[in-house]
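>>> next come a sequence and a model predicted from it.
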Amino acid sequence: MGKGYFVTGIDTNIGKTYVTAQMVDCLQNKGIDAIPYKPIQSGVVDINNRVIGEDVAFYKENLELIEDYQYYNTYTFETPVSPHLASKLENVFIDEQVILEKYKQLENKHDVVFVEGAGGVAVPLKENFGTIDLIKLLNLPVILVTSLKLGTINHTVLTTEYLKSHKINILGLFINNVPSPMNEMEKDNLVMLEKLTGHDILGVIPKQSVFFTEDHIFEIQQLLTK
């Protein structure tokens, strides 16, 4: 049986998909059978006349994944809005037990499964059930994707405190889209994020970096021992 980690972020479009793919690629390069899993996707692309979730399409384009698109995703909505609204508009019922069973199957087949959430931790997936509830159901530690932009301290601390209030284990932070060189604010944010959240920075991914540069990730294999 493998291990699983839930990848979430301080906001939408913070880079969860990119960071997830980076981690999967890094582990695959170490000979570890790692895969991404996107339970719920809002927003699609057209690939060869097939409607595919845009994040799963990104995975398939940039990773060594042998299964078909649907293997890495359970619910796909064409409307790019919060899942609770997208499911209502498209008349699709989200069953969290289906997601749980799918995750268990993946966990039994692979060494590591990175489960990427939709939006941030407070996003509702359906009435009275949100991302925070899905994390609890899957019983996974969280990897939080953040940045060094203005406002990140507030957003990151609020997110970590919300997770802590629900007694969810936070493995650490991933800082995405880091400029080079950093200005004084960004340097200070890097220090303050670790200090104020009390969590380790697992990796830093530079802005406009060439895709999959392992030097930019500290020690992803430590994830397997935590």
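Happy to help now that I have it.

>>> please verify my assumption that Pro124 contacts Pro83.
Yes: counting by CB atoms under 8 Å, Pro124 does reach Pro83; the two are 7.3 Å apart. The C-beta positions use only the backbone N, C-alpha and C, and glycine is treated the same way.

>>> neighbour count: those two, which is higher?
Pro83 (26 against 17; other CB atoms under 10 Å).

>>> so what's that one up against?
The contact partners of Pro83, by CB atoms under 8 Å, 6 or more residues apart in numbering, come to 40, 42, 75, 77, 94, 118, 123-126.

>>> same list (the residues you listed) but as CSV, adding secondary structure, pLDDT and distance to Gly15.
Output for the contacts of Pro83, formatted as CSV (DSSP: H, G, I helix; E, B strand; the rest coil; pLDDT from 0 to 100; distance: CB to CB, whole Å):
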residue, secondary structure, pLDDT, distance to Gly15
Ile40, strand, 98, 18
Ser42, strand, 95, 17
Tyr75, strand, 98, 22
Phe77, strand, 97, 21
Ile94, coil, 97, 24
Ala118, strand, 94, 14
Val123, coil, 96, 16
Pro124, strand, 97, 22
Leu125, strand, 97, 21
Lys126, strand, 95, 26
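
>>> of these, buried ones?
40, 42, 75, 77, 94, 118, 123-126 (16 or more other CB atoms under 10 Å).

>>> which helices and strands does the worst-scoring helix or strand of the chain on mean pLDDT pack with?
In the chain, no helix or strand scores lower on mean pLDDT, DSSP states H and E than strand 201-206, which sits at a mean of 85. Judged by 3 or more CB pairs under 8 Å, 6 or more residues apart in numbering; DSSP states H and E, strand 201-206 is in contact with helix 16-29, strand 170-178, helix 184-197.
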